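Colleague: Task: produce atomic coordinates for the following.
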Amino acid sequence: MSTLTRKRFLASAAAVTASTVLVGDTAFAAKARTIAIQTPTTINYWYSGGGDALRIAHQVVDAFNKTHKTTHVQLTTITAGGGGGISTNQKLLAAITAGAPPDAAYIDRPTMSVPWGVQGALTPLDTYIEKDGLKADSYLAAAWNASVFNGHVYALPMEADPGGLLWWNKDLFEKAGLNPDQPPLYTDELDRYAARLTQKASGGKYKVLGFIPWAFQGYMYGWGWAWGGSFWDAARKSVTCDNPQNAAALTWQNTYAKTYDITKIDAYTQTFYTTQDPFALGQMAMIIDGVWRPATMKLYGPKVRYGVSYQPYPRHGGHKATYLVGEAIAIPHGAKNGDRAWEFIKWLSSGTGITQWCAGNGYLPAHKPALANPIFAQTDVQKTIRGIMDKYAEPIPSCPAANQYWDALTTAVDKVTHGKSTPQQALAEAQQTTQQAVDQFLMHYPGH
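Modeller: Numbers count the residues shown, from 1 in each chain. The predicted model follows:
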């Protein structure tokens, strides 16, 4: 039997001690990894909205948090306005400039995606898209392209909201002796229907206005396209609103200002957007509005019978057209958790996320597989809107100065209808103003 020397004893003891420490370290590391896996990364999502939409936004975020273990979304409401509200823009831009942006943000697609992306305020999503194999053709082209400029994608589209749709009050049609199931298809018919539906009260004030082209969602884009006009040359990065077709569309709009007296129209419509809905109350017989109209009617006019059709167009030389608007979801520049934010915005803009969001709000999703869900084609109204959108929807131009362009066109319409400018002069001014803004953008942000 061999004896255990002191040297061998110490060596054996050291080996046992090392083994014990190694086992302890391994167990500790495994426990640390388990804790890390079980503790999700919290990302901050800035949402702008209120009322029922805010409630639905919380529900959608809760659904994500319940099904994703590594990422937890904290929703922060930054304003009670819409996705493109100016206060929202200022707060978000200030946070980005200060280096303290949220990880994800709900933004207005037409006026923010490209302008903010070109300025460097949004993170280009190209790397994420390529890595995950996300396909652009999984989304409606008119919605996807609104966030793309020079091949860079700056946001993922959420809703596909046709804004240029004709809605008519069937009850008022019947009272005026018109077929309640037959809306005007051409602008000359629209003119005759409007005259027949307009009613005046004592004193010459309006009781019911048949139609006003620029009210609600009756924007220059929709009417210009209906006349065959154009607004943007993407290849040349040129503003093109100053063309004969757009001038003809604006000339036609001005006939309403003259026929129904713009002063009386202004007086009649001044409270339209601050009180209950005038279409639901029967104060307007026909309007141009968006896909969200049924939700508005459910709230303000649940007993009113109404219909929807495409925006009327000139009988000779025109065509059916509507414009597509909606919001998008983006990762602001400087976001601390970009990878986790991508996981969330990809989920929110597709599949379960966008289906829950759009179904709750009465919107249509831009994601094609989600749009194929029968829940978005349950009623005749939904089916009609789908048919119009699938065939005729055009995106608001993805122009670096989209916000300025929108304002310039609105100003042009206002000047013409108030007798301060001719259609040709107003559109030329809008084109010049916007082109200067585009050129300044591209000069300050070369490479775009």
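
Colleague: and the most centrally placed residue in the chain, what does it touch?
Modeller: Central residue of the chain (C-alpha atoms, centre = their mean): Gly326, 1.7 Å from the mean position. By C-beta atoms under 8 Å, 6 or more residues apart in numbering, Gly326 lies in contact with Arg109, Ala143, Pro157, Met158, Glu159, Ala160, Asp161, Tyr363, Ala366. No exception for glycine: its C-beta is placed from N, CA and C like everyone else's.

Colleague: and the last one, what is it in contact with?
Modeller: With contact set as C-beta under 8 Å, 6+ apart, Ala366 has these partners: Tyr139, Leu140, Ala143, Trp144, Pro157, Met158, Glu159, Ala160, Gly326, Ser349, Ile354.

Colleague: let's go with 7 Å and repeat that
Modeller: Ala366 makes contacts with Tyr139, Leu140, Ala143, Pro157, Met158, Glu159, Ala160, Gly326, as judged by C-beta atoms under 7 Å, 6 or more residues apart in numbering.

Colleague: cool, the fourth one as well?
Modeller: By C-beta under 7 Å, 6+ apart, Met158 lies in contact with Gly326, Glu327, Ala328, Ile329, Ser349, Ile354, Trp357, Ala366.

Colleague: can I assume the fourth one sits in a strand?
Modeller: Translated: Ile329. Yes: the assignment for Ile329 is a strand, going by DSSP: H, G, I helix; E, B strand; the rest coil.

Colleague: who's it bridged to?
Modeller: For Ile329, the beta-bridge partners are Tyr106, Leu156 (DSSP bridges).

Colleague: so who does Pro314 touch?
Modeller: Tyr186, Thr187, Trp227.

Colleague: neighbours of the closest residue to the first one other than its chain neighbours, just the number please.
Modeller: So that's Tyr186. Ranked by C-beta to C-beta, 6 or more residues apart in numbering and with sequence neighbours excluded, the top spatial neighbour of Tyr186 is Arg315, at 4.3 Å. Around Arg315 there are 11 other residues, counting by other C-beta atoms under 10 Å.

Colleague: quick one: Arg315 and Tyr206, what's the gap?
Modeller: Going from Arg315 to Tyr206 by C-beta to C-beta, to the nearest Å gives 28 Å.

Colleague: and what of Pro180?
Modeller: Taking C-beta to C-beta, one finds Pro180 at 22 Å from Tyr206.

Colleague: which outside residues touch stretch 162-175?
Modeller: In contact with stretch 162-175 (C-beta under 7 Å, 6+ apart) are residues 179-180, 183, 197, 208, 217, 222, 279, 282, 285-291, 293, 304-312, 321-325, 385, 388-389, 393.

Colleague: Let's see which of the residues you listed end up in helices.
Modeller: Per DSSP state H, helices hold the following members of those: Leu197, Gly222, Arg293, Ile385, Ile388, Met389.

Colleague: circling back to that earlier point, what is the nearest of the contacts of Gly326 to Tyr268?
Modeller: Asp161 (27.1 Å; C-beta to C-beta).

Colleague: Tell me if I'm right that that closest one and Arg293 touch.
Modeller: No: Asp161 is not in contact with Arg293 according to C-beta atoms under 7 Å; the separation is 10.5 Å.

Colleague: And these two? Which one has more around it.
Modeller: Neighbours were counted for Asp161 and for Arg293 using other C-beta under 10 Å; Asp161 has more, 26 against 22.

Colleague: quick revisit: for the residue nearest to the centre of the chain, which non-adjacent residue is spatially closest?
Modeller: Using C-beta to C-beta, 6+ apart, the closest residue to Gly326 is Glu159 (3.6 Å).

Colleague: For that neighbour, grab the count of nearby residues.
Modeller: Glu159, neighbours per other C-beta under 10 Å, totals 26.

Colleague: so who does it touch?
Modeller: So Glu159 contacts Gly326, Glu327, Cys358, Tyr363, Leu364, Pro365, Ala366 (C-beta under 7 Å, 6+ apart).

Colleague: In strands, which of those fall?
Modeller: Using DSSP state E, the subset of the contacts of Glu159 located in strands is Glu327.

Colleague: from the contacts of Glu159, which two are the most distant?
Modeller: Top of the distance list for the contacts of Glu159 (C-beta to C-beta): Glu327 and Leu364, 12.4 Å.

Colleague: Break this protein down into its domains, please.
Modeller: 43-160+326-388, 163-324+400-444 (automatic domain parsing).

Colleague: Which SSE is immediately downstream of the one helix or strand Trp144 maps to?
Modeller: Of the helices and strands defined by DSSP states H and E, Trp144 is found in helix 141-144. Downstream of helix 141-144, the next assigned helix or strand under DSSP H and E is strand 148-149.

Colleague: which residues touch that next one?
Modeller: Val114, Gly117, Val118, Ser398, Pro400, His448.

Colleague: Drop anything exposed from the contacts of stretch 162-175.
Modeller: Buried subset of these (neighbour count, 16 or more other C-beta atoms under 10 Å): 180, 183, 197, 208, 217, 222, 279, 282, 285-291, 293, 304, 306-312, 321-325, 385, 388-389, 393.

Colleague: can you list the contacts of Met158 in TSV and add distance to Asp242 and pLDDT?
Modeller: Conversion of the contacts of Met158 to TSV gives the following (distance: C-beta to C-beta, whole Å; pLDDT from 0 to 100):
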residue	distance to Asp242	pLDDT
Gly326	27	92
Glu327	30	94
Ala328	29	96
Ile329	34	97
Ser349	36	98
Ile354	38	98
Trp357	39	97
Ala366	31	97
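
Colleague: now for these, which pair is the farthest apart?
Modeller: So, the contacts of Met158 by C-beta to C-beta: farthest apart are Ala328 and Trp357, at 12.5 Å.

Colleague: which of the two has more neighbours?
Modeller: Legend: neighbour count by other C-beta under 10 Å for Ala328 and Trp357, higher for Ala328 (27 against 23).

Colleague: Show the contacting residues for that one.
Modeller: Per C-beta under 7 Å, 6+ apart, neighbours of Ala328: Ile107, Arg109, Ser113, Ser147, Ala155, Leu156, Pro157, Met158.

Colleague: Likewise for Asn361?
Modeller: Going by C-beta under 7 Å, 6+ apart, Asn361 touches Ala53, Ile56, Ala295.

Colleague: if you set the cut-off to 8 Å instead, what comes out?
Modeller: With contacts defined as C-beta under 8 Å, 6+ apart, Asn361 is in contact with Asp52, Ala53, Ile56, Glu159, Trp292, Ala295.

Colleague: could you measure Pro101 against Pro332, distance?
Modeller: Taken as C-beta to C-beta, the span from Pro101 to Pro332 is 4 Å.

Colleague: again, but for Lys170
Modeller: Applying C-beta to C-beta, the value for Lys170 to Pro332 is 45 Å.

Colleague: Could you list the low-pLDDT ranges of the stretch 1-150 of the chain?
Modeller: For the stretch 1-150 of the chain, residues meeting the criterion pLDDT under 70 lie at 1-38, 79-88.

Colleague: so where do the helices sit in it?
Modeller: Under the criterion DSSP state H, counting those that start in this stretch, the stretch 1-150 of the chain carries helices at the ranges 6-38, 51-67, 86-97, 109-119, 126-132, 141-144.

Colleague: With that, I have no additional questions.
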